[in-house]
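Engineer: Compute the structure for the input listed below.
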Amino acid sequence: MSQSPGGDIRGVESVTGGNTGAGRPTRVCVIAALASNGVIGAGGGASHAIVGTLVITGVATIIAVPVGLMAAIYLNEYGGNGRLSRALTFFVDVMTGIPSIVAGLRQTGLASTFSSGMPS
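Structural biologist: Numbers count the residues shown, from 1 in each chain. Below you'll find the model as predicted:
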């Protein structure tokens, strides 16, 4: 991967497989290629996997904690026996009844099914 004087990155599409069709790699491809810089050879190791895991866990926590707290407060204080209360209770029961890996695999399958025909 080389950087031209104009600042664009050449060869990224060959590394990540993505291209906008105009000869420019997509943003995701550029980010993926730059994030994996130094993985092979000197500078490689598990640090990329550890940092990626921490980033994903942090983002998931930032999203899930407020949503969970709001759902819990709603169910305890305002829920009653309405449709939203029954739906939230159902989803909470489902999520506590199955392992999270099963839910994650299902969502990954759905996301890949719906995004397979979409341009990158």
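Engineer: Just the buried positions in the longest helix anywhere in the chain, please.
Structural biologist: Longest helix in the chain by number of residues (criterion: DSSP state H): helix 47-73. For helix 47-73, a neighbour-count test (16 or more other Cβ atoms under 10 Å) marks residue 71 as buried. C-betas here are computed from N, CA, C, even on glycine.
Engineer: same thing with stretch 88-103?
Structural biologist: Buried residues in stretch 88-103, defined by neighbour count with 16+ other Cβ under 10 Å: residue 88.
Engineer: Also stretch 102-115?
Structural biologist: Buried, per 16+ other Cβ under 10 Å, within stretch 102-115: nothing.
Engineer: from here on, count from 59
Structural biologist: Shifting the count to begin at 59 puts that one at stretch 160-173.
Engineer: Name the surrounding residues that touch that stretch.
Structural biologist: residue 153 (Cβ atoms under 8 Å, 6 or more residues apart in numbering).
Engineer: Quick one: mean pLDDT for it?
Structural biologist: Mean pLDDT, computed over stretch 160-173, is 84.
Engineer: Would you agree residue 103 falls within a strand?
Structural biologist: No. According to DSSP: H, G, I helix; E, B strand; the rest coil, residue 103 belongs to no strand; its state is coil.
Engineer: Burial check on it, number of neighbours?
Structural biologist: 10 (other Cβ atoms under 10 Å).
Engineer: Can you check the pLDDT for it?
Structural biologist: For residue 103, pLDDT reads 70.
Engineer: what's the helix or strand hosting residue 147 packed up against?
Structural biologist: Here residue 147, judged by DSSP states H and E, is contained in helix 141-155. Here helix 141-155 touches no other helix or strand, going by 3 or more Cβ pairs under 8 Å, 6 or more residues apart in numbering; DSSP states H and E.
Engineer: quick one: average pLDDT of it?
Structural biologist: 87.
Engineer: show me the contacts for residue 137.
Structural biologist: Counting by Cβ under 8 Å, 6+ apart, residue 137 makes contact with 143, 146-147.
Engineer: so residue 129 makes contact with residue 148?
Structural biologist: No. The pair residue 129 / residue 148 is not scored as a contact, 11.9 Å apart, by Cβ atoms under 8 Å.
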